[in-house]
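J.: Compute the structure for the input listed below.
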Amino acid sequence: MSESDRINLMLDKHEIQSLLTRYCTSIDSKQYDGLDTVFTPDAYIDYSASGGTTGKFPEVKAWLAEVLAMFSMTQHVIANFEISVNGDEATSRCVFYNPMQFANPEDTKPMFWVGGYYNDKLVRTSDGWRIRERVEDMSWNFKDAALAT
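T.: Reported below is the predicted structural model:
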């Protein structure tokens, strides 16, 4: 691999990692229109491993806005990026750790944590890298005792 190829590969991986971070920022700031710069318009998303929905991006985006409204705080953290680039296509797998705090009238602020992996297929578009398929693989979850009842 030439030095130029190595540099381009590093740039692609950096752009993909930034894209994945933008997903987390959009979710946690509740700026769901930011997801339009993360997914292709026809992306398939599968959150069923954690009890969520599956479908095309527009429907899943609306579902995220609805279901995440029950949380006063979310913090999506991603790490351990495995990114493979092949021309204008790529795959990515990264660990996620998501603590989330429920909004409730008693103001007890119960917490819910979930961890697992995001498995993505990406494509290079005229606007940069975008996820065209995401499959969540949940490894674990934990609820405050107040939620266990």
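
J.: Helix, strand or coil: sort out Glu15 for me.
T.: For Glu15, the secondary structure call by DSSP: H, G, I helix; E, B strand; the rest coil comes out as helix.

J.: separation between it and Lys56?
T.: 24 Å (Cβ to Cβ, to the nearest Å). From N, CA and C alone the C-beta is placed, and that goes for glycine too.

J.: These two - which one has more neighbours?
T.: More neighbours surround Glu15 than the other of Glu15 and Lys56, with 17 against 14 (other Cβ atoms under 10 Å).

J.: That one reaches Asp127, doesn't it?
T.: No: between Glu15 and Asp127 there is no contact under Cβ atoms under 8 Å: 11.2 Å.

J.: so where's this protein uncertain?
T.: Applying pLDDT under 70 to the chain flags the ranges 105, 107, 145-149.

J.: Do a quick rundown of the helices in it.
T.: Here the chain has its helices, by DSSP state H, at 3-28, 57-67.

J.: Out of these, which is closest to Met111?
T.: Nearest to Met111 among the helices of the chain is helix 3-28 (14.9 Å), distances taken as Cβ to Cβ.

J.: Go through that closest one and flag the buried ones.
T.: For helix 3-28, the neighbour count (16 or more other Cβ atoms under 10 Å) marks Asp12, Lys13, Glu15, Ile16, Gln17, Leu19, Leu20, Tyr23, Cys24, Ser26, Ile27, Asp28 as buried.

J.: Equivalent analysis for stretch 47-59, please.
T.: Using 16+ other Cβ under 10 Å as the test for burial, stretch 47-59 gives Tyr47, Phe57.

J.: Also stretch 113-127?
T.: Val114, Gly115, Gly116, Tyr117, Tyr118, Asn119, Asp120, Lys121, Leu122, Arg124.

J.: quick one, what contacts the most centrally placed residue in the chain?
T.: The centroid of the chain falls nearest to Tyr23 when counting by Cα atoms, centre = their mean (5.3 Å). Listed by Cβ atoms under 8 Å, 6 or more residues apart in numbering, the contact set of Tyr23 reads Leu35, Val38, His76, Ile131.

J.: Reformat those as CSV; add distance to Asp137.
T.: Shown next, in CSV, are the contacts of Tyr23 (distance: Cβ to Cβ, whole Å):
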residue, distance to Asp137
Leu35, 20
Val38, 18
His76, 15
Ile131, 15
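
J.: Look up how far Asp120 lies from Ser4.
T.: Using Cβ to Cβ, Ser4 is found at 26 Å from Asp120.
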